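1. what follows is a predicted protein model with its sequence.
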Amino acid sequence: MQDTQAPAERTSQPSPTIVLWLWRWFWRVTLVVSLAYAWYCFYVPSNSIAWANNYTSAQQQAAQSGKPIILYFTGKWCVPCRIMKRKVWADEQVTASVNAQFIPVAIDVDNPDDAAVLARYNVVGPPVTIITDPQGNALQWREGGMGKADFLELLGKLNPSAHKGL
């Protein structure tokens, strides 16, 4: 006897049990990866930056010390801000440089008390990093998130000798 079935008809379908098992594992892996990514986006380690309490406090400290001010406009919901807090602000080299040479202040874009500062610097959304002189005049400005190297380069533009070799 000859086999008269076409080759496509001879292939067998995987059993429903195997398909169900594959789908279950697919969704489990997807869930784990999604949760890990969400944790990564929202995890922010503590840092040792000596943040000023508010813009007015930063201005007073800058007037007394003569140091420039770093204004970091951020929001609790801002994922690039959180990534920058994790990769830049938590870095020891950045911490040492910022604490020694600047008066840093984090400004929440959602805080109505900071509306005047947002208007003064024309900031519409985070993240924005502005370096000002002690009087509040903008010296350097960067919109969007940045990494450690970009941030140190921004600081180095103000005082190139302080950041040689970076």
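-> Done, it's in.
2. what's the domain layout of the protein?
-> 10-42, 55-163 (automatic domain parsing).
3. of all these, which lies closest to Ser48?
-> Ser48 lies closest to domain 55-163 among these, at 4.9 Å (CB to CB). Any C-beta I mention is one placed from the backbone N, CA and C, and that applies to glycine too.
4. packing partners for the helix or strand encompassing Leu31?
-> For Leu31, the host element (DSSP states H and E) is helix 16-42. Contacts defined by 3 or more CB pairs under 8 Å, 6 or more residues apart in numbering; DSSP states H and E place helix 16-42 against helix 79-84.
5. other SSEs contacting the helix it packs on?
-> When contacts are defined as 3+ CB pairs under 8 Å, 6+ apart, helix 79-84 sits against helix 16-42.
6. let's go with 10 Å and repeat that
-> Contact partners of helix 79-84 among helices and strands, from 3 or more CB pairs under 10 Å, 6 or more residues apart in numbering; DSSP states H and E: helix 16-42, strand 69-74, helix 148-158.
7. what lies in contact with the last one?
-> Think helix 148-158. If you take CB atoms under 10 Å, 6 or more residues apart in numbering as the criterion, helix 148-158 is touched by 68, 70, 84, 87-91, 93-94, 97-98, 101-102, 129, 131, 133, 139-142, 144-147, 162-164, 166.
8. ok, now with 8 Å
-> Contacts with helix 148-158, where a contact means CB atoms under 8 Å, 6 or more residues apart in numbering, come from 68, 84, 87-88, 91, 93-94, 97-98, 101-102, 129, 131, 139-140, 142, 146, 162-163, 166.
9. kindly report the same for the shortest one.
-> Applying CB under 8 Å, 6+ apart, the external contacts of strand 69-74 come out as 55, 58-59, 62, 81, 85, 89, 98, 102-109, 117-118, 121, 123, 126-134, 136.
10. next one: phi and psi at Thr129?
-> Backbone geometry at Thr129, expressed as degrees, to the nearest 10, gives phi -120, psi 120.
11. can you name the residues that contact it?
-> The contact partners of Thr129, taken as CB under 8 Å, 6+ apart, are Ile70, Leu71, Tyr72, Phe73, Trp141, Arg142, Met146, Phe151, Leu154.
12. from Leu22, how far out is the second one?
-> Relative to Leu22, Leu71 is positioned 52 Å away (CB to CB, to the nearest Å).
13. the more surrounded of the two?
-> Neighbour count, other CB atoms under 10 Å: between Leu71 and Leu22, Leu71 has more, with 24 against 11.
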